[in-house]
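Chemist: Sequence first, predicted coordinates after that:
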Amino acid sequence: MSTIAAFYSGKSILITGATGFLGKVLMEKLFRTSPDLKVIYILVRPKAGQTLQQRVFQILNSKLFEKVKDVCPNVHEKIRAIYADLNQNDLAISKEDKQELLSCTDIVFHCAATVRFDDHLRHAVQLNVTATQQLLLMASQMPKLEAFIHISTAFSNCNLKHIDEVIYPCPVEPKKIIDSMEWLDDAIIDEITPKLIGDRPNTYTYTKALGEMVVQQESSNLNIAIVRPSIVGATWQEPFPGWVDNLNGPSGLIIAAGKGFLRAIRGTPKAVADLIPVDTVANLTLAVGWYTAVNRPKSTLIYHCTSGNFNPCYWGKMGFQVLAAFEKIPFERAFRRPYADFTTNTITTQYWNAVSHRAPAIIYDFYLRLTGRKPRMTKLMNRLLRTVSMLEYFLNRSWEWSTYNTEMLMSELSPEDQRVFNFDVRQLNWLEYIENYVLGVKKYLLKEDMAGVPKAKQHLKRLRNIHYLFNTALFLIAWRLLIARSQMARNVWFFIVNFCYKFLSYFRASSTLKV
Ligand SMILES: CCCCCCCCCCCCCCCCCCCCCCCCCCCCCC(=O)SCCNC(=O)CCNC(=O)[C@H](O)C(C)(C)COP(=O)(O)OP(=O)(O)OC[C@H]1O[C@@H](n2cnc3c(N)ncnc32)[C@H](O)[C@@H]1OP(=O)(O)O
Ligand SMILES: NC(=O)C1=CN([C@@H]2O[C@H](COP(=O)(O)OP(=O)(O)OC[C@H]3O[C@@H](n4cnc5c(N)ncnc54)[C@H](OP(=O)(O)O)[C@@H]3O)[C@@H](O)[C@H]2O)C=CC1
C-alpha cells in the first residue's frame with residue numbers, strides 16, 4: 001500500500017485553480033489513488049456562461065476522469081465547489097463557506113494563478129500576489145491545517161542563470177507593490193512596469209517571484225512548501241499519455257507548426273527545452289504535501305520540478321522530433337506543409353517572418369478576396385507572431401536548477417510510492433513522449449479523429465506538389481525576366497543550352513556506336 005495514498009485518505013483538501021491544466025490532473029490523481037479521501041474543496045468562479053456546478057460536471061465527465069469513476073464511483077459527492085473570485089480582495093468567499101473551509105481543511109494546494117505573460121501588472125499582482133496573501137491569511141486560521149503547498153514556477157527567477165532552491169528577494173517589497181496597486185492609475189502602472197520587472201521578461205514571472213516572497217513572509221506559523229515546475233506539458237503516463245487541454249507553453253506552437261502556419265522561429269537549437277509532464281508535476285506536488293505534513297521541515301522547502309539536469313532534451317532535437325511525429329500523425333486541413341527553420345539571428349528571423357509567414361498569408365488572403373470570402377490569414381498570422389515573440393525568450397536561454405530537495409524527497413519515498421507517485425524523469429523517453437504529445441494535441445485540442453489521417457496525408461502531398469509547382473513557376477518567371485534584361489544572363493543561358501545539347505549529342509553518338 002502506498003504511504004502517500006494512505007496519508008490522503010480521510011483528508012479534507014482545498015485546491016485552488018482546480019479547473020486549470022495542473023489542478024485537474026492533481027485532483028484526478030488524488031481521487032484515483034486515495035478514493036477514501038473525505039472531500040476536495042475547490043475554489044471556482046462561474047465562467048463562459050457556466051455555473052459552478054456545470055463546470056464541475058464538465059470536468060467529472062471529461063475523458064481525463066474516466067478511470068476515476070471506476071475506483072471512486074461517488075466522486076461527485078466528494079467534490080465541493082465553493083464560489084470564489086481571486087480577483088476580489090477577500091476572494092469573494094461567503095461567510096458560511098469560509099467557516100467550513102477554516103474548520104475542516106487539512107491540506108491546501110494553491111495552484112490558481114494568471115499564467116498570461118502580457119497581463120496588466122495590476123491584474124497579475126492581484127492574482128499571483130494578493131490572492132496568495134489572502135489565502136495564506138485564511139490558512140493561518142485553519143486549526144487542522146497540516147501543510148500548505150504553493151505552486152510557483154521555475155522561471156520566477158529567470159533573470160538568473162543558476163537557480164537554487166531558495167527564495168530570491170525582489171528589490172521592492174510585495175506589500176509595497178500590493179499597496180501601490182490600490183492607488184496608482186493604469187497609466188502610471190504601465191509606466192513603472194518595465195522598471196519593476198527589471199530584467200525579467202514579463203509580469204507573470206515577476207509576480208510569481210513576488211508571490212514566493214509573500215509565502216516566505218507569512219510562513220512563520222505555517223507548514224509550507226513551494227513547488228516550482230518548468231514548462232508544463234501533456235501527460236507522460238497518467239491517467240493516459242498525451243492528455244492536454246490548453247494552448248499554453250508548447251501546445252499552441254505544436255498546433256501552429258502542425259497546421260503549417262509556423263515554419264521558422266528564433267530559437268537556439270542547443271538550449272535546453274525544460275519541459276515537464278503535467279502528471280509528473282502532480283505526483284511531485286502530492287509527495288511534497290505528504291512529506292511537508294509528516295516531517296514538518298523547520299524551513300520552507302522549495303522543490304524544482306524540472307527535467308534539464310535529470311534527462312535534458314534540446315529545442316533543436318525536440319523541434320525535429322515534433323516534425324517527425326507530424327509525418328505519422330498529420331493534422332487535418334494544414335495551411336502549408338510542416339517545416340522547421342531554427343535561427344538565432346534576428347535579421348534572418350525577420351526574413352523568414354516576411355517570406356515564410358507574412359507573404360503566404362497575404363497571398364492566401366488575396367485568394368480569399370478573389371473568391372468572395374473574408375480575408376483572415378494576415379490577422380491570424382500577426383497574432384501568432386506576437387505570441388511567438390513572447391515565447392522566444394524561453395527558447396533562447398538555458399537555465400540550471402538545483403534539485404537537492406527533489407532528489408532528497410525521491411530517496412525518502414518507499415519503492416511503492418516511487419512507483420505510484422513517480423516523478424523521476426530520468427525514465428522519460430522524449431521521442432515517445434513527443435509522439436504522444438502530438439497525438440494528444442490532435443485528439444484533445446483539435447478534436448481530430450485518427451480516421452482522418454490518410455486524408456490529411458493526401459492533403460499534405462497535394463500541398464507539396466503545389467509548393468514544387470509554385471517554386472518552378474517562380475524560378476522560370478525570374479529567369480525569363482533576367483534573360484530579357486541582362487547580357488550576362490543570356491550568355492550563361494546559351495552556355496547551359498549549348499552544353500546540354502553537346503552532352504546529349506555525345507550520349508546519342510556513343511550509344512549508336514555501341515549498337
Ligand atoms: C530551437 C527552437 C525550436 C522550437 C520549435 C520551433 C518551431 C518552429 C518550427 C516548427 C517546428 C516544429 C516544432 C514545434 C514546437 C516544438 C515545441 C515548442 C516549444 C515552445 C515552448 C514555449 C515556451 C514557453 C515558456 C513558458 C515558460 C514559463 C512557464 C510558466 O511558468 S507559465 C505557463 C505558460 N504560460 C503560457 O504559455 C501563456 C502564454 N500565453 C499568453 O501569455 C497569451 O496567450 C498571449 C501569448 C500573450 C496571447 O494573448 P492574446 O491576448 O493575443 O490572446 P489569447 O490569449 O486569446 O491568444 C491569442 C491566440 O494565440 C493562441 N495562443 C495562445 N497561446 C498560445 C501559444 N502558447 N502558442 C501558440 N498560440 C497560442 C490562442 O489560441 C489565440 O488564437 P486565436 O484565437 O486563433 O487567435
Ligand atoms: N502551465 C505551465 O507551463 C506552468 C504553470 N505553472 C504554475 O502552475 C499553476 C497552474 O497553472 P496551469 O494549471 O497551467 O494554469 P491554468 O491557466 O490552466 O489554470 C489557472 C487556474 O487558476 C484559476 N483562476 C485564474 N483566475 C482566477 C480567479 N480570478 N478566481 C478563481 N480562480 C482563478 C483558473 O480558473 P478558471 O478556470 O476559472 O480560469 C484555473 O483554474 C500556476 O500557479 C502556474 O503559475 C508553473 C510553471 C509552468
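Modeler: Right, received. Where do you want to start? Treat the numbers as computed from the prediction; the structure is a model and nothing was measured. Ligands and ions are numbered 1, 2, ... in the order given.

Chemist: How about the secondary structure of the residue of the stretch 351-500 of the chain found nearest ligand 2?
Modeler: In the stretch 351-500 of the chain, no residue comes nearer to ligand 2 than residue 394, which is 10.0 Å away by CB to the nearest ligand atom. Using the backbone N, CA and C atoms, a C-beta is placed for each residue, glycine as well. With DSSP: H, G, I helix; E, B strand; the rest coil as the basis, residue 394 sits in helix.

Chemist: ok now do it, which residues does it touch?
Modeler: Residue 394 makes contacts with 155, 158, 231, as judged by CB atoms under 8 Å, 6 or more residues apart in numbering.

Chemist: my guess is residue 38 meets residue 78, correct?
Modeler: Yes. Counting by CB atoms under 8 Å, residue 38 does reach residue 78; the two are 7.4 Å apart.

Chemist: more crowded one of those two?
Modeler: Between residue 38 and residue 78, residue 78 has the larger neighbour count (other CB atoms under 10 Å), namely 17 against 14.

Chemist: Would you check that that one makes contact with residue 71?
Modeler: No. If you go by CB under 8 Å, residue 78 and residue 71 don't touch, sitting 11.8 Å apart.

Chemist: Can you check which residues contact both of these two?
Modeler: With CB under 8 Å, 6+ apart, residue 78 and residue 71 have common neighbours residue 31.

Chemist: got a winner among the contacts of residue 394 for most neighbours?
Modeler: That'd be residue 155 among the contacts of residue 394, by other CB under 10 Å, with 25 neighbours.

Chemist: Is it within a helix or a strand, and which one?
Modeler: Per DSSP states H and E, residue 155 falls between elements, in no helix or strand.

Chemist: The residue lying closest to it once chain neighbours are set aside and residue 114: what is the separation?
Modeler: Leaving aside its sequence neighbours, residue 155 sits nearest to residue 205 (CB to CB, 6 or more residues apart in numbering; 5.0 Å). Distance, residue 205 to residue 114, by CB to CB, to the nearest Å: 12 Å.

Chemist: Could you do residue 124 as well?
Modeler: Counting by CB to CB, the gap from residue 124 to residue 114 is 6 Å.

Chemist: Please identify which of those two sits among more neighbours.
Modeler: residue 124 (28 against 20).

Chemist: isn't the more buried one right up against residue 207?
Modeler: Yes. Using CB under 8 Å, residue 124 is in contact with residue 207, at 4.1 Å.

Chemist: joint contacts of the two?
Modeler: residue 114.

Chemist: circling back: looking at it, the residue nearest to residue 155 is touching residue 154, isn't it?
Modeler: No. Using CB under 8 Å, residue 205 is not in contact with residue 154; the gap is 9.9 Å.

Chemist: Now do the shared contacts for these two.
Modeler: By CB under 8 Å, 6+ apart, no residue touches both residue 205 and residue 154.

Chemist: Skip the chain neighbours and tell me the closest residue to whichever residue of the stretch 1-150 of the chain sits closest to ligand 2.
Modeler: Residue of the stretch 1-150 of the chain nearest ligand 2, by CB to the nearest ligand atom: residue 20 (2.0 Å). Nearest residue to residue 20, sequence neighbours excluded (CB to CB, 6+ apart): residue 111, at 6.2 Å.

Chemist: Near ligand 2, which residues of this protein? Just list them.
Modeler: With the criterion set to CB under 6 Å from any ligand atom, the chain comes near ligand 2 through 17, 19-23, 43, 45, 47, 84-87, 111-115, 127, 151, 153, 208, 229, 231-232, 246, 248-249.

Chemist: Those residues in helices, which ones?
Modeler: 21, 22, 23, 208 (DSSP state H).

Chemist: quick one: the strands in this protein?
Modeler: 12-16, 39-44, 79-83, 107-110, 147-151, 162-163, 224-229, 231-233, 264-266, 275-277, 301-305, 341-343, 400-401 (DSSP state E).

Chemist: Compare those strands and say which comes out lowest on pLDDT.
Modeler: Sorting those by mean pLDDT places strand 341-343 lowest, at a mean of 86.

Chemist: what sits up against that one?
Modeler: The set of residues external to strand 341-343 that reach it, using CB under 8 Å, 6+ apart, is 263-269, 315-316, 319, 349, 352, 356.

Chemist: Mind doing that once more with 7 Å?
Modeler: Here strand 341-343 makes contact (CB atoms under 7 Å, 6 or more residues apart in numbering) with 263, 264, 265, 266, 267, 269, 316, 319, 349, 352.

Chemist: can I get the strands of the chain in CSV with distance to residue 291?
Modeler: CSV is the format used below for the strands of the chain (distance: least, CB to CB, whole Å):
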stretch, distance to residue 291
strand 12-16, 16
strand 39-44, 20
strand 79-83, 25
strand 107-110, 12
strand 147-151, 9
strand 162-163, 21
strand 224-229, 8
strand 231-233, 21
strand 264-266, 39
strand 275-277, 19
strand 301-305, 8
strand 341-343, 40
strand 400-401, 19
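
Chemist: That'll do, ta.
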